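Undergrad: what follows is a protein structure lacking sequence information:
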């Protein structure tokens, strides 16, 4: 058993680092704060060490800065480490340095064999995307993240699915790559998907059939009280009731899990013609240059354009459109990736404007009356 007491192995162990004012400014932005580290998954560390008090993870590699710091601390500690620990941690730390294109400290220049028991740092490190990866590497990382997510979907809890899908969504925006619709089903939005009505009805009916009519009524009334809250709260509440009523056994069988039930089923925005997409991108860019607009248009028109450039352009007179187009033509033509990234973000913004479009009170009434149609249809 390797004794950790009093040992400084990584930067979180080092009181001089943790209390340093410069380091403290990094916590919460470039680095996780010490009190947040326990929330990270195992794959964000180079090794897990067994101790009498439980497992301890060392040498975090959740982003480029953390990996660089871990490499420096490992380099200092390596001569005093047990050989097996040095080899296991060294293998995965070296992988992380190479993935982030970091120079290797002396202790990682050795050749390390893949440990048979593993503690791998691999492409799943997308949960905290690299800060300064080159575009091709970032694109490959984003695509591999989706493959890993879909292959391991059944082994993830609903909350893990939700958190990882949202991390992938953010990574795909940076990598400017396409997002699989099965990942999109778990991305947080402020408009529920088409699954939600039938999923609520199915749950309430199953609870009622299990001779828990009071719980079924409480379930519906609780959700009815959340219609002005975010859908994340909605999904969390459904998950709590599912576990209480034993319905979590039906996830991926008779029921969709709570996060897919709430957010799933909405289509990704389909691209229009390339010319239309480029024009939208340029109109959005033009609104960031109000001085160009103020030279020609009245302040009231400029303010309206800044608020809604596409809408104002569509409603403008032919002459005004011609003037706007003359300004737009001076802007550089965006890359395909820039347009795709803008459209994805634009669609998410649109979703954020859309509240619940039905009332849960009607759900409760339908269940109480024993009907299977009404507000759940369509």
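TA: Sure thing, it's come through. Everything numeric in this text was worked out from a predicted model, so none of it was measured.
Undergrad: quick one: stretch 304-322 to chain centroid distance?
TA: Between the centre of stretch 304-322 and the centre of its chain there are 34 Å (CA atoms, centre = their mean, to the nearest Å).
Undergrad: what does that stretch rub up against?
TA: Residues from elsewhere that reach stretch 304-322, judged by CB atoms under 8 Å, 6 or more residues apart in numbering: 280, 283, 284, 286, 287, 290, 293, 297, 301, 324. For glycine as for every other residue, the C-beta is placed from the backbone atoms N, C-alpha and C.
Undergrad: from what I can see the second one touches residue 325, true?
TA: The one in question is residue 283. No: Residue 283 is beyond contact range of residue 325, at 9.8 Å (criterion: CB atoms under 8 Å).
Undergrad: and stretch 292-311, what's buried?
TA: 292, 293, 297, 302, 305, 309 (16 or more other CB atoms under 10 Å).
Undergrad: cool, and stretch 14-25?
TA: In stretch 14-25, counting by 16+ other CB under 10 Å, buried: 17, 23.
Undergrad: in the chain, which spans are strands?
TA: 45-51, 54-60 (DSSP state E).
Undergrad: can you list the strands that the last one pairs with?
TA: Note on strand 54-60: by DSSP bridges, its sheet partners are strand 45-51 (antiparallel).
Undergrad: which one of the contacts of stretch 304-322 is nearest residue 13?
TA: residue 284 (46.8 Å; CB to CB).
Undergrad: and the strands of the chain: which comes nearest residue 82?
TA: strand 45-51 (9.8 Å).
Undergrad: distance between that closest one and the chain's centre?
TA: 26 Å.
Undergrad: next one: stretch 213-220
TA: The mean C-alpha position of stretch 213-220 is separated from the chain mean by 32 Å, CA atoms, centre = their mean.
Undergrad: what comes up buried for it?
TA: 215, 216, 217, 219, 220.
Undergrad: want to throw those into CSV with distance to residue 159 and pLDDT?
TA: Converted to CSV, the buried residues of stretch 213-220 look like this (distance: CB to CB, whole Å; pLDDT from 0 to 100):
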residue, distance to residue 159, pLDDT
215, 22, 77
216, 24, 72
217, 26, 75
219, 19, 77
220, 23, 73
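Undergrad: among those residues, which are in helices?
TA: If you go by DSSP state H, the buried residues of stretch 213-220 have 215, 216, 217, 219, 220 in helices.
Undergrad: picking that back up, now the strands of the chain in JSON lines, with mean neighbour count and distance to residue 39?
TA: Formatted as JSON lines, those follow (neighbours: other CB atoms under 10 Å; distance: least, CB to CB, whole Å):
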{"stretch": "strand 45-51", "mean neighbour count": "19", "distance to residue 39": "12"}
{"stretch": "strand 54-60", "mean neighbour count": "17", "distance to residue 39": "11"}
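Undergrad: of all the ones you listed, which one is nearest residue 90?
TA: From the strands of the chain, taking CB to CB, the stretch that ends up closest is strand 45-51, at 8.1 Å.
Undergrad: do me a favour and average the pLDDT over that closest one.
TA: Taken as a whole, strand 45-51 carries a mean pLDDT of 81.
Undergrad: quick one, domains of the protein?
TA: Domain ranges of the chain: 15-127, 135-184, 196-266+354-376, 274-334, per automatic domain parsing.
Undergrad: compare those domains and give me the one nearest residue 9.
TA: domain 15-127 (5.0 Å).
Undergrad: worst average pLDDT in the domains of the chain?
TA: domain 196-266+354-376 (a mean of 73).
Undergrad: ok, back up a step: so of the contacts of stretch 304-322, which ones are in helices?
TA: Using DSSP H, the subset of the contacts of stretch 304-322 located in helices is 280, 283, 284, 286, 290, 293, 301, 324.
Undergrad: so the fourth one touches residue 328, yeah?
TA: Yes: counting by CB under 8 Å, residue 328 is a contact partner of residue 286 at 6.0 Å.
Undergrad: that older thread, make TSV from the buried residues of stretch 213-220 and add distance to residue 163 to it.
TA: Shown next, in TSV, are those (distance: CB to CB, whole Å):
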residue	distance to residue 163
215	28
216	29
217	31
219	25
220	27
